[in-house]
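S.K.: show me the folded form of this:
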Amino acid sequence: MHPYSVDSNERMIIPLYIAIVSVLITFFFQWLFDLLNFTVPWYIKAPSVFLLYGALYKLFDLKLWKWNGFKRIGAVKTPNLNGNWSGHLVSSYKSQTTIEANIGIKQNWTKISIILTAKTSSSHSIVAGVVTENPEQNVLNYQYINDPRPHSASTMHMHRGTAILYIPSDGKKFTGEYYTGRDRSNYGEMVFEKEE
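M.R.: A predicted model of the protein is given here:
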């Protein structure tokens, strides 16, 4: 998995909220321990806020960002693209070749991995960005490296490319396009639906 960018300001605001919650929880436990006359060892007091912040940030990064409540209040705009997607590419190669393929996406709040698998090759993302401020739909834009399989045509070789996928608000289908590096000069359309 690699980091990806998002055009919303949530990655500046949410760490601040996590820090405030960490301080409040630490203060509450300190107050509770004082009330119960319980003495906490000196080595726990100093790192407790930082330890709690790190644990809460990790929990948010892996799980909590997917919670619909955060989306409803507008705290998180990043779409959850996790899952397997099946569909096809319509390539400019040999005048409109249709290629069946699958996309597997693993994503947390700060990292993503996009792997496209077809009969003759597979590709993996190396950099990505998500646009959430588009009024009609979210946009996933990523660059990839494509590796041909051993049985693919001898003219096919490893190359780089870019894909742009448009994601409607229901998040059930991708449509978009891709293009490859200058040595291959291929381009085409992409259509994928989420597998249940």
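S.K.: K172 versus E193, what's the distance?
M.R.: Distance of E193 to K172, computed by C-beta to C-beta, to the nearest Å: 6 Å. Just so you know, the C-beta spots here come from the backbone N, C-alpha and C atoms, and that holds for glycine as well.
S.K.: whoops, G74 was the one
M.R.: Taking C-beta to C-beta as the measure, G74 and K172 are separated by 22 Å.
S.K.: so for T120, what pLDDT did the model give?
M.R.: Per-residue confidence for T120 comes out at a pLDDT of 85.
S.K.: so how far is F28 from D34?
M.R.: Summarising the geometry, the distance separating D34 from F28, computed by C-beta to C-beta, is 11 Å.
S.K.: typo on my end, it should be W85
M.R.: Here the criterion is C-beta to C-beta. By it, W85 lies 44 Å from F28.
S.K.: next one: P135
M.R.: Remark: distance between P135 and F28 (C-beta to C-beta) = 42 Å.
S.K.: and these two? which has more neighbours close in?
M.R.: A count of neighbours by other C-beta atoms under 10 Å puts F28 above the other of P135 and F28, at 10 against 4.
S.K.: need phi/psi at the more buried one.
M.R.: The phi and psi values for F28, taken as degrees, to the nearest 10, are phi -60, psi -50.
S.K.: distance of it from K119?
M.R.: For F28, the distance to K119 under the criterion C-beta to C-beta works out to 57 Å.
S.K.: got it, and F33?
M.R.: Computed as C-beta to C-beta, the F33 to K119 distance reads 63 Å.
S.K.: pLDDT below threshold where in the chain?
M.R.: 43-47, 94-95, 152-156, 182-185 (pLDDT under 70).
S.K.: could you look up the SS state of the residue of the chain positioned farthest from its centre?
M.R.: Among the C-alpha atoms of the chain, the one most distant from their mean position (C-alpha atoms, centre = their mean) is that of N37, at 46.3 Å. The three-state assignment at N37 reads coil, by DSSP: H, G, I helix; E, B strand; the rest coil.
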